[in-house]
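Chemist: Give me coordinates for this.
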Amino acid sequence: MSIYVGNLAYQVTQEDLSTVFAEYGTVKRVQLPTDRETGKMRGFAFVEMGTEAEEAAAIDALDGAEWMGRDLKVNKAKPREDRGPGGGGRSGGGGGFNRRY
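Modeler: Down below sits the predicted model:
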């Protein structure tokens, strides 16, 4: 399982998050998504802890806590939604043949 951490200051680093969450157990991974076009952080992160008990302790302690001038939103991450195949933005049609009437 993973923890969602929202409302982060944009200057937060992976090391910052690792340090804060390490107070509640073993930090296995920190992921800071960035905007594809600008490369800037998007204001949220995902943190994986060693055990569910460590995750629960971190969530209990940090949800609503003020850090770097922001009130954190910390909870269990929801599974990623399946967005289905492709996404080219085109709808059917065509077929590569000519119709004659």
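
Chemist: Could you give the bridge partners of F46?
Modeler: In this entry, F46 is beta-bridged to Y4, Q31, by DSSP bridges.

Chemist: Tell me how many other residues crowd it.
Modeler: Neighbour count of F46, defined by other Cβ atoms under 10 Å: 15. Any C-beta I mention is one placed from the backbone N, CA and C, and that applies to glycine too.

Chemist: That one and I3, how far apart?
Modeler: F46 sits 7 Å away from I3, taking Cβ to Cβ, to the nearest Å as the criterion.

Chemist: what sits against A65?
Modeler: Shown in contact with A65 (Cβ atoms under 8 Å, 6 or more residues apart in numbering): 71-72, 74.

Chemist: hmm, back to that, please enumerate the shared neighbours of F46 and I3.
Modeler: Common neighbours of F46 and I3 (Cβ under 8 Å, 6+ apart) are A77.

Chemist: my guess is V74 contacts S2, does it?
Modeler: No: judged on Cβ atoms under 8 Å, V74 makes no contact with S2 at a distance of 11.5 Å.

Chemist: all helices for the chain, in order.
Modeler: For the chain, applying DSSP state H gives helices covering 14-22, 52-62.
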